[in-house]
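Engineer: sequence isn't available, so here's the structure alone:
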């Protein structure tokens, strides 16, 4: 990937800006060369039989330069396609990780809901047991008081 060799950031905005700048640079030089190429093309073919090699050399040099720019643009296109594939793979990896986390979240949420339900049941059992304890406490207290009254009465009666 040409981009990773030149820029150390993986941000999509940086990638986009990098390729826009690269395309704009190629485009500017290509268009300027294309205008000159048209002129030298016409001059070269009008003076094809001329012994002056200037038109031919300029024409061939611009033709070579334009082919280089076309190759550069094709390389940029190839790199963009590769970067898109890599970003799609990254997004797919992130999506898979996100899906795993959602599954873990769902499992943990279900466990939490079960625990909350158990807590409510436990609170209910604690309240029921507390009520039973209080009623038993009252009963045993009444029995103790009754027993003490009976003992006191027997003591008074038989003494």
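Structural biologist: Arrived safely, thanks for sending. Quick caveat: nothing in here was measured; it's all calculated off a predicted structure.
Engineer: by mean pLDDT, flag the weakest helix or strand of this structure.
Structural biologist: Every helix and strand in the chain was compared by mean pLDDT, DSSP states H and E; the lowest is helix 2-6, with a mean of 44.
Engineer: helix or strand: which one has the residue minimising distance to the centre of the chain?
Structural biologist: Computing the C-alpha centroid of the chain and ranking residues by Cα atoms, centre = their mean puts residue 94 first, at 5.2 Å. Assigned by DSSP states H and E, residue 94 falls within helix 54-158.
Engineer: one more: residue 29?
Structural biologist: Element membership for residue 29 (DSSP H and E) is helix 12-46.
Engineer: now the angle between helix 54-158 and that helix, please.
Structural biologist: On the basis of axes from the mean of the first three to the mean of the last three Cα atoms, to 10 degrees, helix 12-46 is oriented at 170 degrees to helix 54-158.
Engineer: report the contact partners of residue 87.
Structural biologist: By Cβ atoms under 8 Å, 6 or more residues apart in numbering, the contact set of residue 87 is 12, 15. Every C-beta, even on glycine, is put in place using the N, C-alpha and C of the backbone.
Engineer: any regions of the protein where pLDDT drops low?
Structural biologist: Within the chain, the segments meeting pLDDT under 70 span 1-10.
Engineer: and stretch 42-61, what's buried?
Structural biologist: Buried residues in stretch 42-61, defined by neighbour count with 16 or more other Cβ atoms under 10 Å: 43-44, 55, 58-59.
Engineer: for that stretch, how far is the first residue from the last?
Structural biologist: 15 Å (Cα to Cα, to the nearest Å).
Engineer: ok, back up a step: does the helix holding residue 29 pack against any helices or strands, and if so which?
Structural biologist: helix 2-6, helix 54-158 (3 or more Cβ pairs under 8 Å, 6 or more residues apart in numbering; DSSP states H and E).
Engineer: deepest-packed of those helices, please.
Structural biologist: By mean neighbour count, with neighbours taken as mean count of other Cβ atoms under 10 Å, helix 2-6 ranks first of these at a mean of 13.
Engineer: related to what we said a few turns ago, of all the helices and strands packed on helix 12-46, which one is nearest residue 29?
Structural biologist: Residue 29 lies closest to helix 54-158 among the helices and strands packed on helix 12-46, at 6.3 Å (Cβ to Cβ).
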